[in-house]
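Colleague: Give me a model of this one.
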Amino acid sequence: MITLTIDLEDPTGLYEADGRTIMLTRRLLDLFSALERRATFFVVGRMAEAAPDLIKDIAAKGHEIAYHSHGHIPLTEEIPARFRRESMVDKDRLEQLAGAKVTGFRAPQFSLTPKSMWALNILGELGFRYSSSTMPTSISLFGFTHAPHVPFLWPNGLIELPLPVAACGAVRVPYLGGIYLYAMPLVLVRRWIAESDTDEILWTYAHPYDFDREEKFYRMPYTSHWVSFVLWAARQVAEKKVRTLLSFGDAAPLGERIESESWRKNLPHFDGHI
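Modeller: Coordinates of the predicted model:
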């Protein structure tokens with residue numbers, strides 16, 4: 001059972017009211033309706049400013065609205081006071097547009113690391129209940145190497161749903177979303193899903209631009225040239241791979257999956273130290 005999550009951001013950084021991201025997101029909504037699947041949309045605050053009607057439509061179709069920072073700046077480059085101020089305003093706006101509480105947060109580029117744990121208290125103060133922001137691996141710039149690979153509790157009670165990873169020798173490898181999924185042979189993905197820990201919450205992540213086969217190549221912000229190229233080339237297979245994952249079984253949005261009180265009581269605690 002794999003939850004579908006969408007990081008709703010504009011890779012150009014322009015956030016235009018009639019931009020390409022808006023069109024692509026509406027295409028995705030039609031696709032998800034046809035597949036009868038609900039997702040968690042992690043929305044950048046600037047996107048909510050530019051396209052409030054889109055956020056309303058996403059929520060109206062039964063998808064969960066969660067938060068993905070104001071301007072998609074990695075937490076390691078954020079200013080705490082600014083992050084708190086912008087997050088408070090954005091959360092209120094998203095809740096008004098969605099007509100529901102916004103309880104989930106995802107750090108841009110999974111940038112919740114030992115250097116950016118200051119964000120946890122801010123998220124708790126603002127009323128977030130869960131985060132989906134850690135990458136428990138050593139192979140990424142933002143890897144939180146010693147973080148648990150199963151859901152856990154931060155010291156302030158915030159639930160963390162880490163990026164799903166699989167053991168490949170001594171290394172943990174992300175395999176269920178983004179560039180990792182698109183570059184990974186499906187035979188390995190199927191094997192690692194079957195071998196996943198029963199305590200894990202499996203989810204995949206994608207972006208509207210992942211499904212855009214017509215757009216010309218350009219280098220994305222905060223992304224190297226070669227990674228930008230791989231992501232652009234992967235657009236030819238993204239929809240097929242996401243459809244394959246969704247065929248493994250339906251799962252509710254993340255906010256609904258954390259509601260079980262008995263499940264929360266069994267979560268390990270982690271304070272960020274080895």
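
Colleague: Next, the contact list for the closest residue to Arg257 other than its chain neighbours, please.
Modeller: Taking CB to CB, 6 or more residues apart in numbering, and ignoring the residues beside it in sequence, Arg257 has Ile201 as its nearest neighbour in space, at 5.8 Å. To be clear about C-beta, it is placed using only N, CA and C from the backbone, and glycine gets the same treatment. Shown in contact with Ile201 (CB atoms under 8 Å, 6 or more residues apart in numbering): Thr3, Pro151, Leu161, Leu254, Arg257, Ile258.

Colleague: Let me know the closest of these to Lys241.
Modeller: Using CB to CB, Thr3 is the member of the contacts of Ile201 that sits closest to Lys241, with 15.7 Å.

Colleague: measure Trp118 to Leu75 for me?
Modeller: 8 Å (CB to CB, to the nearest Å).

Colleague: the more surrounded of those two?
Modeller: Leu75 (22 against 12; other CB atoms under 10 Å).

Colleague: For that one, list the residues it contacts.
Modeller: Residues in contact with Leu75 (CB under 8 Å, 6+ apart) are Ser69, Phe83, Ala107, Pro108, Ser111, Leu112, Thr113, Ser116, Ala119, Ser133.

Colleague: how about a cut-off of 7 Å?
Modeller: Ala107, Ser111, Leu112, Ser116, Ala119 (CB atoms under 7 Å, 6 or more residues apart in numbering).

Colleague: Now rank these by neighbours and give me the top one.
Modeller: For the contacts of Leu75, the largest number of neighbours (other CB under 10 Å) sits with Leu112, at 30 neighbours.

Colleague: Locate the residue of the chain with the greatest distance from its centre.
Modeller: The outermost residue of the chain, judged against the average C-alpha position, is Gly169 (26.0 Å), by CA atoms, centre = their mean.

Colleague: Look up how far Leu181 lies from Ile193.
Modeller: Distance, Ile193 to Leu181, using CB to CB: 11 Å.

Colleague: With neighbour numbers in mind, choose between those two.
Modeller: Ranked by neighbour count (other CB under 10 Å), Ile193 and Leu181 place Leu181 first, with 24 against 18.

Colleague: Quick one: list the elements packing against the helix or strand that contains that one.
Modeller: Taking DSSP states H and E as the criterion, Leu181 maps to helix 178-183. Counting contacts by 3 or more CB pairs under 7 Å, 6 or more residues apart in numbering; DSSP states H and E, helix 178-183 packs against helix 225-246.
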